[in-house]
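One predicted model, sequence on top.
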Amino acid sequence: MPAKPKETPAGRNRRLVLAAVKALAPGEVAGYGEVARRAGLPGRARLVARILSAGDEPGLPWHRVLRSDGRIAFPPGSPGFDEQVQRLRAEGVRVEAGRVRGQRAAATLDQMLWAPPD
DNA sequence: ACTCTGACCAGCC
DNA sequence: GGGCTGGCCAGAG
C-alpha cells in the first residue's frame, strides 16, 4: 500500500472529539467541556466547539452538546438555536427558554461535582 | 510571526 | 442568579 496518511495532531484530536460526541445516546446531553474530557482532552472545550462549527461528519449528534450551564450555545432566536431545540425536543429532552432541564444536563457545578453515582 | 476571534470553562467577587 | 478575568488553541487575515 502507498504511503500511510500520517495523522496530524489536529486530526487526532478531531477524531477523538467526534468519537466522544457520537457516543452520546439519544436524549443524553453533555457540556462542551465534558465532551472534551471524555475525549481525553481536558480543558479543550473550545476545540470541541470549533470542530462542531465546522459541520463535517454527517449524522453527528451535535445538538446533544450544550454549554456547561445547560444553555444552548447559539444566540436565542438564531437558526442554529431553533434547530437544536427542535432536535432535542424530538428526543424527549425538556427545553425551556433555551435551557435544558434533562436530569443529566449538568445542573449546577455543585451537583456535577457531588452528584451520587446512579 | 502576529493579532483577532470564537457553538467554551472555571474561579472569584 | 450576574459580571469579570484568565486560560485554552486553531483558523483567518
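On my side now, so go ahead. Residues are numbered from 1 along each chain as shown, chains lettered A, B, ... in the order given.

Distance check, A:Gly77 against A:Arg44.
29 Å (C-beta to C-beta, to the nearest Å). The C-beta positions use only the backbone N, C-alpha and C, and glycine is treated the same way.

more neighbours, those two?
Neighbours were tallied for A:Gly77 and for A:Arg44 using other C-beta atoms under 10 Å; the higher tally belongs to A:Arg44 (20 against 8).

For A:Val48, see how far away the residue lying closest to that one once chain neighbours are set aside is.
Spatial nearest neighbour of A:Arg44, chain neighbours left out: A:Ala36 (4.4 Å); criterion: C-beta to C-beta, 6 or more residues apart in numbering. When C-beta to C-beta is applied, the distance between A:Ala36 and A:Val48 equals 5 Å.

Show me which of these two is the more surrounded one.
Looking at A:Ala36 and A:Val48 with other C-beta under 10 Å, you find the greater number of neighbours at A:Val48, namely 29 against 24.

Off-centre distance for the helix or strand that contains that one?
Counting by DSSP states H and E, the element that carries A:Val48 is helix A:45-54. Counting by C-alpha atoms, centre = their mean, to the nearest Å, helix A:45-54 is centred 9 Å from the centre of its parent chain.

How about the residues of chain A by DNA strand B?
Of all the residues in chain A, those in contact range of DNA strand B (C-beta under 7 Å from any atom of the strand) are A:31-34, A:45-46, A:48-50, A:52-53, A:55, A:62-63, A:65, A:67-69, A:73-74, A:80, A:84, A:109.
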